[in-house]
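1. Need a 3D model of the following:
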Amino acid sequence: EAFEVTHSDSEWHTILSDEQYDILREEGTERAYSSPLNNEHRDGTFACAGCELPLFSSATKFDSRTGWPSFWAPLDKAVATRQDRAFGMVREEVHCRRCGGHLGHVFDDGPKPTGLRYCMNGLAMKFVPTTV
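-> Predicted coordinates for the structure are as follows:
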């Protein structure tokens, strides 16, 4: 796939921490309950750690009790999905539509109004608080 933001492998290693690289570029997963973003409750936006594209509004964040930051909807034109057949199961992988960075997966067990749970890796994002 062609993405708007691209970097060489060595450039990604310079931009991202080792843990972020593993998640965003190698489709890794952080340990459950390890992200400080689980406890982020301020108004603001969760953006891609790779390219800073705004991905999710804090207004759609909810406590899924899964150990990862969860949202019931992304911002318009922020993410894309593709089928993930790793680990002998079929899931919908969520990635940043601008740089292709792996964010997590989306499941159909979320709250209303969408019924979806975007289960994201906190290290794949950064929080930008709303300034008043």
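
2. So which elements touch the worst-scoring helix or strand of the chain on mean pLDDT?
-> Least confident helix or strand, the chain: strand 79-84 with a mean of 88, by mean pLDDT, DSSP states H and E. Counting contacts by 3 or more CB pairs under 8 Å, 6 or more residues apart in numbering; DSSP states H and E, strand 79-84 is packed against strand 91-96, strand 102-107. For glycine as for every other residue, the C-beta is placed from the backbone atoms N, C-alpha and C.

3. Going by residue numbers, what spans are strands in the chain?
-> Ranges of strands in the chain, per DSSP state E, are 44-48, 54-57, 61-62, 70-71, 79-84, 91-96, 102-107, 117-120, 125-129.

4. lowest-confidence stretch among these?
-> Here the lowest mean pLDDT among the strands of the chain goes to strand 79-84, at a mean of 88.

5. That strand: partners in the sheet, and parallel or antiparallel?
-> Applying DSSP bridges, strand 79-84 is found paired with strand 91-96 (antiparallel).

6. Contacts only, for the most centrally placed residue in the chain.
-> By CA atoms, centre = their mean, the chain has its centre lying nearest to residue 103, at 3.2 Å. Residues counted as contacts of residue 103 (CB atoms under 8 Å, 6 or more residues apart in numbering) are 24, 48, 55, 79, 94, 95, 96, 118, 120, 121, 124, 125.
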